[in-house]
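Need the 3D shape of this:
(chains A, B, C and D)
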There are 2 protein chains.
Amino acid sequence: MTRIDDVARLAGVSTATVSRALRGLPTVSAATRHRVLAAAEQLQYAVSPSASRLAGGRTGTVAVVVPRITRWFFGVVVEAVEDFLHQAGYDLLLHNLGGREQNRQRLLHPVNLHNRVDAVMLVATPLRAPELTALAALDLPGVTVSSGTDVPGWPCVRIDDVAAARTATRHLLDLGHRRVAHISGDPDDELAFTAHLDRRRGYQDALRAAGLRPDPSLDVESGFDIAGGTRATEELLRRGDPPTAIFAACDEMAMGALTALRDAGLRVPQDVSVIGIDDHALADVLGLSTIAQPAAEQGRLAAKLLLDPLAGPSPQTGAHQAVSPVILDTRLVVRESTAPARAN
Amino acid sequence: MTRIDDVARLAGVSTATVSRALRGLPTVSAATRHRVLAAAEQLQYAVSPSASRLAGGRTGTVAVVVPRITRWFFGVVVEAVEDFLHQAGYDLLLHNLGGREQNRQRLLHPVNLHNRVDAVMLVATPLRAPELTALAALDLPGVTVSSGTDVPGWPCVRIDDVAAARTATRHLLDLGHRRVAHISGDPDDELAFTAHLDRRRGYQDALRAAGLRPDPSLDVESGFDIAGGTRATEELLRRGDPPTAIFAACDEMAMGALTALRDAGLRVPQDVSVIGIDDHALADVLGLSTIAQPAAEQGRLAAKLLLDPLAGPSPQTGAHQAVSPVILDTRLVVRESTAPARAN
DNA sequence: CTGAAAGCGCTTACAG
DNA sequence: CTGAAAGCGCTTACAG
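Take a look at the predicted model:
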């Protein structure tokens, strides 16, 4: 293939000038730039990324880590991030943990990040203490999305999970429900993100504010997905004296709950009200009430916060100044899955 | 950071030996390998990907191109591919076309692929003639997933879309339906993949085999997603004399149809039966009958077909030998959204 | 505004 | 089995 010196020869300039012209540096005369671009076009020249990266010390690549790309929130975030990164000329290296400890170990080992990417985005992927320490040593720019994933010095974009859960629970309480159950993610899963912990707190806060005491028998943990929602709800029903309302920690769990309730012969919302968090693409199809969160906007904003410092000069690299998380708004969306509690 | 010569010095060998030992080449004595590994471990050494790629001529990276990562099929495929690639030590460069012509142009321009990746996977992304020509010149290994995306010399993994559609349509016909509508993707969208064309053919085949003539007024095109399914169904209903059954080209369109039917006051399946293709994660929650296709298996198999030749010696590089597509099985899944036509 | 030259950190024939 | 040395194809001070 053509290399930079082929272009230089054709344009009658040095390789240094070709390099500058092609990258649009200002220190090239218009006439020269024109000749270089024409030569590059004529020869179908494309810079060798490996060579450019080695010489320039930048990879033009961002690693994006998500727990599971197949889950609604992560898919939407990645799509928004991909768009932003590619617009800015960066490549996106995708890492899907997929619940495998092995993937996590390999990927998050800082040594595997070093020299491979210019920056890292961790979506709902909390780090352990040793990982944080090792990462800090790399002095790599990064950003996190979702709560419970803070890395010192990295910006974070998320919603207020406690408030979102409080709103969801209060919606059920306002409808007159008193036996309000909660189904959420499994804290035993070390790969799980921790948003569900905040959401439980919001649930309990709302109950207490209404003068109710959180009832452990109404709080079931399972996987943070459709199947988990189904299993958790089955467990709830198995315990007898079923709740009249269920707050699921995410829409996918809520959808699993709908299945379990249907299979148990319970009608939604006549027998049991259900609300989730997300505003999943199918929430409307299912008539699911939920707390909408701006997933794409979180991704876009996180990408922006990540790249902005890379472009400009970095005034205080390594000076892990405190960064406040950016909290985006959520919004109650009432559909058909929630209704007033029946008078006893 | 530590470089290869730091390791070499500590281990008392040359950088060439370090390079060989770290990559597990057989031409290193066990004792030497041990010393090198220990030194590398002690120094927390990780090879510089840029340098390794430039010197070695391999990127260890595969580009994966999907129309929209947020759609069920593509998310599942990417997850399976990601797993396989990372197990094999490859990085995954994600490209989400997102319906943007601009993305497509930039990405699929062969010059942007050259030297950047070792191989390409195109999922449901048909190429135009000039793109095919340019790609052929690069002599890059690749694989395609889904029909209508053939690239000469590349293997292809897909289902038999015509047969799947035929089975879906026949299921409706077997239930006694005669006014069977079809909703599918938009051929005006140049970025659309073409599976929906095959699916229309299967639909029409099944009608004809049952002695029915395809009725253009029962065949509506829209976007290949939830919103598209809703719009297409609304259009169907606007035309009057509604169908008693709808075959949607994919589950997401079927789900959109469910919404439109509900909003129009029509019951599923009492008034209208609905079937899709996919077996989307939420098909069960919605009680949607469908033709299940093995999305993860298609991704895994495609990744395998892509990497296998890269590992071994390539007997006939560039000799675009004909490759038959690998066709995976589909399976009718009957749930609650399809029922016998009511006697008139 | 432009060029000569060093250097980025590896891998790979080649020789032994 | 191991090493010396060339070379991968760029970018970047440095000098002018």
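
mind listing the helices in chain A by residue range?
A:4-11, A:15-22, A:30-43, A:49-56, A:72-87, A:101-108, A:110-113, A:129-138, A:161-174, A:195-209, A:226-238, A:251-263, A:283-286, A:295-311 (DSSP state H).

can these go into TSV with extra columns for mean neighbour count, distance to B:Leu37 and mean pLDDT?
Where C-beta positions appear, they are placed from N, C-alpha and C, glycine not excepted. As requested, the helices of chain A are exported to TSV (neighbours: other C-beta atoms under 10 Å in any protein chain shown; distance: least, C-beta to C-beta, whole Å; pLDDT from 0 to 100):
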stretch	mean neighbour count	distance to B:Leu37	mean pLDDT
helix A:4-11	18	37	94
helix A:15-22	19	38	95
helix A:30-43	16	44	93
helix A:49-56	18	25	94
helix A:72-87	24	35	95
helix A:101-108	16	17	74
helix A:110-113	18	14	76
helix A:129-138	14	19	81
helix A:161-174	22	44	97
helix A:195-209	21	40	93
helix A:226-238	22	41	95
helix A:251-263	26	43	96
helix A:283-286	22	52	94
helix A:295-311	20	34	92
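
Kindly reformat these as JSON lines containing distance to B:Ala21.
JSON lines is the format used below for those (distance: least, C-beta to C-beta, whole Å):
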{"stretch": "helix A:4-11", "distance to B:Ala21": "33"}
{"stretch": "helix A:15-22", "distance to B:Ala21": "35"}
{"stretch": "helix A:30-43", "distance to B:Ala21": "40"}
{"stretch": "helix A:49-56", "distance to B:Ala21": "22"}
{"stretch": "helix A:72-87", "distance to B:Ala21": "36"}
{"stretch": "helix A:101-108", "distance to B:Ala21": "20"}
{"stretch": "helix A:110-113", "distance to B:Ala21": "17"}
{"stretch": "helix A:129-138", "distance to B:Ala21": "24"}
{"stretch": "helix A:161-174", "distance to B:Ala21": "48"}
{"stretch": "helix A:195-209", "distance to B:Ala21": "44"}
{"stretch": "helix A:226-238", "distance to B:Ala21": "45"}
{"stretch": "helix A:251-263", "distance to B:Ala21": "46"}
{"stretch": "helix A:283-286", "distance to B:Ala21": "54"}
{"stretch": "helix A:295-311", "distance to B:Ala21": "35"}
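
could you dump the ones you listed to CSV with distance to DNA strand D?
Formatted as CSV, these follow (distance: least, C-beta to the nearest atom of the strand, whole Å):
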stretch, distance to DNA strand D
helix A:4-11, 3
helix A:15-22, 3
helix A:30-43, 10
helix A:49-56, 3
helix A:72-87, 18
helix A:101-108, 26
helix A:110-113, 21
helix A:129-138, 20
helix A:161-174, 41
helix A:195-209, 39
helix A:226-238, 47
helix A:251-263, 44
helix A:283-286, 46
helix A:295-311, 13
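
As a markdown table, the ones you listed with distance to chain B would be great.
Shown next, in a markdown table, are these (distance: least, C-beta to the nearest C-beta, whole Å):
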| stretch | distance to chain B |
| --- | --- |
| helix A:4-11 | 12 |
| helix A:15-22 | 12 |
| helix A:30-43 | 10 |
| helix A:49-56 | 4 |
| helix A:72-87 | 4 |
| helix A:101-108 | 6 |
| helix A:110-113 | 4 |
| helix A:129-138 | 9 |
| helix A:161-174 | 19 |
| helix A:195-209 | 19 |
| helix A:226-238 | 6 |
| helix A:251-263 | 5 |
| helix A:283-286 | 5 |
| helix A:295-311 | 9 |
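
The ones you listed: which one's closest to B:Ala165?
helix A:283-286 (22.3 Å; C-beta to C-beta).

And the helices of chain A: which comes nearest B:Arg68?
helix A:72-87 (7.0 Å).

And the closest one, what does it pack against?
strand A:61-66, strand A:91-96, strand A:119-123, helix A:295-311, strand B:91-96, helix B:101-108 (3 or more C-beta pairs under 8 Å, 6 or more residues apart in numbering or on different chains; DSSP states H and E).

Of all those, which one is nearest DNA strand C?
Ranking the helices and strands packed on helix A:72-87 by proximity to DNA strand C (C-beta to the nearest atom of the strand) places strand B:91-96 first, at 14.9 Å.

ok, the residue nearest the centre of chain A - contacts?
Nearest residue to the geometric centre of chain A (C-alpha atoms, centre = their mean): A:Val123, 3.7 Å. For A:Val123, the contact set (C-beta atoms under 8 Å, 6 or more residues apart in numbering or on different chains) comprises A:64-67, A:74, A:77-78, A:144-146, A:149, A:299, A:302.

And A:Ala232, by the same measure?
So A:Ala232 contacts A:Ile183, A:Ser184, A:Val220, A:Glu221, A:Ser222, A:Met253, A:Gly256, A:Ala257 (C-beta under 8 Å, 6+ apart).

Can you lay out those residues as JSON lines showing distance to A:Gly153?
Output for these, formatted as JSON lines (distance: C-beta to C-beta, whole Å):
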{"residue": "A:Ile183", "distance to A:Gly153": "35"}
{"residue": "A:Ser184", "distance to A:Gly153": "30"}
{"residue": "A:Val220", "distance to A:Gly153": "37"}
{"residue": "A:Glu221", "distance to A:Gly153": "32"}
{"residue": "A:Ser222", "distance to A:Gly153": "35"}
{"residue": "A:Met253", "distance to A:Gly153": "33"}
{"residue": "A:Gly256", "distance to A:Gly153": "38"}
{"residue": "A:Ala257", "distance to A:Gly153": "39"}
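
and B:Ile291, which of the helices of chain A is closest to it?
Ranked by C-beta to C-beta, the member of the helices of chain A that lies closest to B:Ile291 is helix A:283-286, at 19.3 Å.

circling back: name the member of the contacts of A:Val123 with the shortest distance to A:Ala136.
A:Thr144 (13.8 Å).

What is the burial count for that closest one?
By the criterion of other C-beta atoms under 10 Å in any protein chain shown, A:Thr144 has 28 neighbours.

who's it bridged to?
For A:Thr144, the residues forming beta bridges with it (DSSP bridges) are A:Leu122, A:Cys156.

That one contacts A:Cys156, correct?
Yes: counting by C-beta atoms under 8 Å, A:Cys156 is a contact partner of A:Thr144 at 4.6 Å.

Need the overlap of contacts for those two.
A:Asp150.

Which residues of chain A lie near DNA strand C?
Contact residues, chain A versus DNA strand C (C-beta under 7 Å from any atom of the strand): A:12-17, A:20, A:26-29, A:31-33, A:51, A:54-55.

coming back round to it: look up how far A:Gly299 lies from the residue nearest to the centre of chain A.
8 Å (C-beta to C-beta, to the nearest Å).

Which residues are in contact with each of those two?
A:Val77, A:Val78, A:Val145.

Tell me, how many residues neighbour the last one?
When you say that, I think you mean A:Val145. 30.

Contacts only, for it.
A:Val77, A:Met121, A:Leu122, A:Val123, A:Ala124, A:Cys156, A:Val157, A:Arg158, A:Gln298, A:Gly299, A:Ala302 are the contacts of A:Val145 under C-beta under 8 Å, 6+ apart.

Quick check: closest non-adjacent residue to the first one.
What it means is A:Val77. A:Gly299 (3.8 Å; C-beta to C-beta, 6 or more residues apart in numbering or on different chains).

Can I get the shared contacts of A:Val123 and A:Gly299 in JSON lines including distance to A:Gly240?
JSON lines is the format used below for those (distance: C-beta to C-beta, whole Å):
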{"residue": "A:Val77", "distance to A:Gly240": "39"}
{"residue": "A:Val78", "distance to A:Gly240": "42"}
{"residue": "A:Val145", "distance to A:Gly240": "40"}
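
coming back round to it: was I right to think the residue nearest to A:Val77 contacts A:Phe74?
No: applying C-beta under 8 Å as the test, A:Gly299 and A:Phe74 come out as separate, 9.3 Å apart.

In contact with A:Arg300, which residues?
A:Ala80, A:Val81, A:Asp83, A:Phe84.

Out of the contacts of A:Val145, which is nearest to B:Asp6?
A:Leu122 (29.4 Å).

Distance check, the closest one against chain B.
16 Å (C-beta to the nearest C-beta, to the nearest Å).
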